[in-house]
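A.B. asks: the sequence and its predicted three-dimensional model are supplied below.
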There are 2 protein chains.
Amino acid sequence: MGRTFVVVGGDAAGMSAASKAKRDDPDLEVVVFEKGEWVSYGACGLPYYVKGEIESLDDLVTLTPEEFAERGIDLRQHHEVVSIDREEQTVTAVHDGERVEQSYDDLLVATGARAVVPPIEGADLDGVFTLHSMNSAATVKRALSPPAAVPDDEFQEGYGAQVHEYLAAANPDSVGIIGGGYIGLEMAEAFEARDMDVHVFEMLPHVLAPFGEDVAEKVEGHLESNGVGVSLDTMVERIVGEDGRVTGIEADGETVPVDVVLVATGVAPNAELAGENGVELGETGAIATDEYGRTNDEHVFAGGDCAEARNAVTGEPDYVPLALTANRAGRAIGQTVTGTPTPVGDIVGTAVVKVFDLEAARTGVIDHEIAEAAGYDPVSQVIEQGSRAHYYPGGSPITVRLTADRESGRLLGASMVGREGVAQRINTVATALHAEMTVGEVEYLDLAYAPPFGPVWDPVLTAAKVLHGKLD
Amino acid sequence: MGRTFVVVGGDAAGMSAASKAKRDDPDLEVVVFEKGEWVSYGACGLPYYVKGEIESLDDLVTLTPEEFAERGIDLRQHHEVVSIDREEQTVTAVHDGERVEQSYDDLLVATGARAVVPPIEGADLDGVFTLHSMNSAATVKRALSPPAAVPDDEFQEGYGAQVHEYLAAANPDSVGIIGGGYIGLEMAEAFEARDMDVHVFEMLPHVLAPFGEDVAEKVEGHLESNGVGVSLDTMVERIVGEDGRVTGIEADGETVPVDVVLVATGVAPNAELAGENGVELGETGAIATDEYGRTNDEHVFAGGDCAEARNAVTGEPDYVPLALTANRAGRAIGQTVTGTPTPVGDIVGTAVVKVFDLEAARTGVIDHEIAEAAGYDPVSQVIEQGSRAHYYPGGSPITVRLTADRESGRLLGASMVGREGVAQRINTVATALHAEMTVGEVEYLDLAYAPPFGPVWDPVLTAAKVLHGKLD
């Protein structure tokens, strides 16, 4: 009898694993359970769908259910896996109220993450949204759009009622965003593009906390110059409503009137299915895995937004739910279960976000407390340099912050912000982090130079040069 | 008595060394001999000066002679060093016909490179130019410009007569460029921007030979779509003239009529001063140096466009005269002569060039013959991918070619071309080359992702993934 690989969750990690496993071993039976309708889609594109730059949710889909079927993958949508019997190696899914049992030889838990809504009074009012799934994006877009701008068939799970009520009312023209992370800021741009008044509330001293304050300050100034209100160090006390519907956000004793609210305060791993069935979770709350993505059960793997990964800088498990990590893990696990053991790869926490005309990026460990907890003695240096040769027209400043360990000189992390050349430039540092380079080694990298693309000493090299001098 | 550091040549390597040495040891006497007028300028900006995007040659100057004087550096312009007495540790310079002798404790030869003009019949005609020095750029620009567009004070060494003759004639409106390297193609863009008919003649099968044919073919198509004539595999037989002045270029038995000719067939190291005075040259013809930039004479260093550097991929001396290499070497040598021995750093031959709307880049060893000569068994893979997420508007294709060693999997080199994201992206590979990563390690780099800046799997990762599969 043939072997069976069961995957729970039909997005990045799950479908990458299913595809790779089926391709490498066509005799393997591959069954994917997805509790909803959508599979294999680019969730990172949702803000641009709301913004209007991407017309249809279908555009975000990488491969359709039909294409997976053609690959010989048994994809079962609207099947929610509710339990795992690790002894018997079976999972139980619920579909249309019926329970379905499925045995497995290897199991991948790829249940993703969900938007977290903190316990704020009024969070249950009509007009309070999150943005994480395809359906939530459709709901937000429809709530902002004139009737018929969003076709009915983009609604697949009964958001209709809530939305139709909005359509009966005037289109909202102001929004309060709770949370100044990636999603919050990408959505600020999306709402502004729709001519709305936008106000971001961040409870920490700065937006984009993982990017550090040097980057954050530039981003905050840029948001404001684009007409976005920014309240820092501001805890939202409650969402105010009338007749069950949002009318404002109360914070610092004042009420900012808004028509809708987006809660973008982060995500949490969907680790309950695993945890409740004896799969170990790590300290971060996500599923603990080894270098192959294997959990404490040798037949159970976990990958993507529900799982931890090893941080190459700290050497410790970390939880950074991002698309590439999920895709890599899925692919590697697909290889491992078909007989080619493949590590899922370390992460260094590289990320980039577009905020209006700025590119902000980060990689590695830049927070001194985190670096110290990992046993380093961190030293940081911030420099500002042009994005082009000083004489070449059209350049703009790039801010680079590098962090290294004083004793060893080992590079620990970087953040950057600027109007151009940042999104790719961060990868120079990410690569150096994987290679465990010292800041002195980075200083002598032979990087590309031409006047339209940077100064002779790339800003990364300049930052390394100055930081190296500081360590001596 | 204090020590003296003498530098021959006042551009990137020379002035970097002088500045760094004086800063690190203010008691050191630092004397720089420069045979011309201009010091410390960005030669890479010259095509954009001719194009008109940079108004004045002064804009290309990083630091003026006055600023070097303020730093306490004894800069002597119009002093041509004609001999080195290594026994006595003196150099002899000629200034206004007078010989000046100067002793040194340490000497840096930073004599740069010069444009090479091959022995083509007609190369001595009026209207045949090269582009390497500030003065040559001023000459070209003036030859193309209406009277008074180039101020007199940009002429410092008597090019006036030749140019005034042109001004008396009609402005040239066609140009033949001999050589399809960086300078040739940057100048094609510059001439086109001045509404000239441009024709490039390349004797090899492709332009941009060090970038490989995959990149070259895209560049050639792009040149043609911008109205530039491109003749490949074409040896120029002679430059045709009338009354001592260019009228055309004869190649393949036909004559293309042109008003001016730019010879851009490459550069050669100015290694004669060193070679004639017993300093060893390497096989490339440039000055041989150790990892500190020291020549066979422990008191004589060499750096910049006249010197070799070690290629990290081949492990052998290499000659790649580029700006960053010169700046790095100068700075390191400045530190070494003041008591902090500092390696000049390996090169990997990273380069980028803008050709109209394309960015073309390369790093490491991509030519299979060169890789084989270095003891590798090269395998290459070309992929094409979008510069943005597939659903994000405005993206365009990026072509990436990666080369690795079959046995070890070690990454050897890469080339890329596209409309955006190439100039910085090449540095990911350059960094991986310095770290001697395998293609499997590159495949699992944690690189930045956001829809406006690339696909989830960065083109570098995709190329590594496919190439890795090919090696197994």
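C.D. replies: Perfect, thanks for sending it.

A.B. asks: contacts only, for the residue of the stretch 251-400 of chain A found nearest chain B.
C.D. replies: Relative to chain B, the nearest point of the stretch 251-400 of chain A is A:Gly345 (3.4 Å; Cβ to the nearest Cβ). Backbone N, C-alpha and C define where each C-beta goes, glycine included. Residues in contact with A:Gly345, defined by Cβ atoms under 8 Å, 6 or more residues apart in numbering or on different chains, are A:Ala309, A:Arg328, A:Ala329, A:Ala332, B:Tyr444, B:Asp446.

A.B. asks: can I get those in JSON lines with distance to B:Glu66 and neighbour count?
C.D. replies: Shown next, in JSON lines, are those (distance: Cβ to Cβ, whole Å; neighbours: other Cβ atoms under 10 Å in any protein chain shown):
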{"residue": "A:Ala309", "distance to B:Glu66": "55", "neighbour count": "27"}
{"residue": "A:Arg328", "distance to B:Glu66": "55", "neighbour count": "30"}
{"residue": "A:Ala329", "distance to B:Glu66": "59", "neighbour count": "31"}
{"residue": "A:Ala332", "distance to B:Glu66": "60", "neighbour count": "27"}
{"residue": "B:Tyr444", "distance to B:Glu66": "52", "neighbour count": "23"}
{"residue": "B:Asp446", "distance to B:Glu66": "48", "neighbour count": "28"}
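
A.B. asks: which two in those are spaced the farthest apart?
C.D. replies: The most widely separated members of those are A:Ala332 and B:Asp446, with 13.1 Å between them, by Cβ to Cβ.

A.B. asks: straight-line length of stretch A:295-307, end to end?
C.D. replies: Across its full length, stretch A:295-307 reaches 9 Å end to end, with Cα to Cα, to the nearest Å as the criterion.

A.B. asks: domain parsing for chain A?
C.D. replies: Using automatic domain parsing, the domain ranges for chain A come out as A:4-113+A:268-336, A:128-265, A:357-471.

A.B. asks: does chain B sit close to the longest one?
C.D. replies: Translated: domain A:4-113+A:268-336. Yes: judged by Cβ under 8 Å from any Cβ of the partner chain, domain A:4-113+A:268-336 and chain B are in contact via A:12, A:42, A:44-45, A:48, A:53-54, A:59-60, A:62, A:312, A:322-325, A:327-328.

A.B. asks: show me those that map onto helices.
C.D. replies: Here DSSP state H is the test, and these give A:Ala12, A:Tyr48, A:Ala323, A:Leu324, A:Thr325, A:Asn327, A:Arg328 as lying in helices.

A.B. asks: of all the domains of chain A, which one comes closest to B:Lys465?
C.D. replies: Comparing these by Cβ to Cβ, domain A:4-113+A:268-336 comes nearest, at 8.2 Å.

A.B. asks: just checking, what packs against the helix or strand in which A:Arg142 is found?
C.D. replies: Under the criterion of DSSP states H and E, A:Arg142 resides in helix A:134-144. With contacts taken as 3 or more Cβ pairs under 8 Å, 6 or more residues apart in numbering or on different chains; DSSP states H and E, helix A:134-144 sits against helix A:46-51, strand A:128-129, helix A:160-168, strand A:260-263.

A.B. asks: how far does the last one sit from its chain's centre?
C.D. replies: By that I understand strand A:260-263. Offset of strand A:260-263 from its chain centre (Cα atoms, centre = their mean, to the nearest Å): 19 Å.

A.B. asks: who does that strand touch, helix- and strand-wise?
C.D. replies: Going by 3+ Cβ pairs under 8 Å, 6+ apart, strand A:260-263 lies up against strand A:128-129, helix A:134-144, strand A:174-178, helix A:182-193, strand A:245-251.

A.B. asks: show me what contacts the spatially most central residue of chain A?
C.D. replies: Chain A has A:Leu322 as the residue nearest its centroid, 4.1 Å off, counting by Cα atoms, centre = their mean. Counting by Cβ under 8 Å, 6+ apart, A:Leu322 touches A:Ala351, B:Tyr449.

A.B. asks: how near is it to B:Asp472?
C.D. replies: 27 Å (Cβ to Cβ, to the nearest Å).

A.B. asks: what of A:Arg86?
C.D. replies: 33 Å.

A.B. asks: relative to A:Asp458, which of the contacts of A:Gly345 is nearest.
C.D. replies: Of all the contacts of A:Gly345, A:Asp458 sits closest to B:Asp446, with 20.4 Å by Cβ to Cβ.

A.B. asks: on the three-state scheme, the closest one is what?
C.D. replies: coil (DSSP: H, G, I helix; E, B strand; the rest coil).
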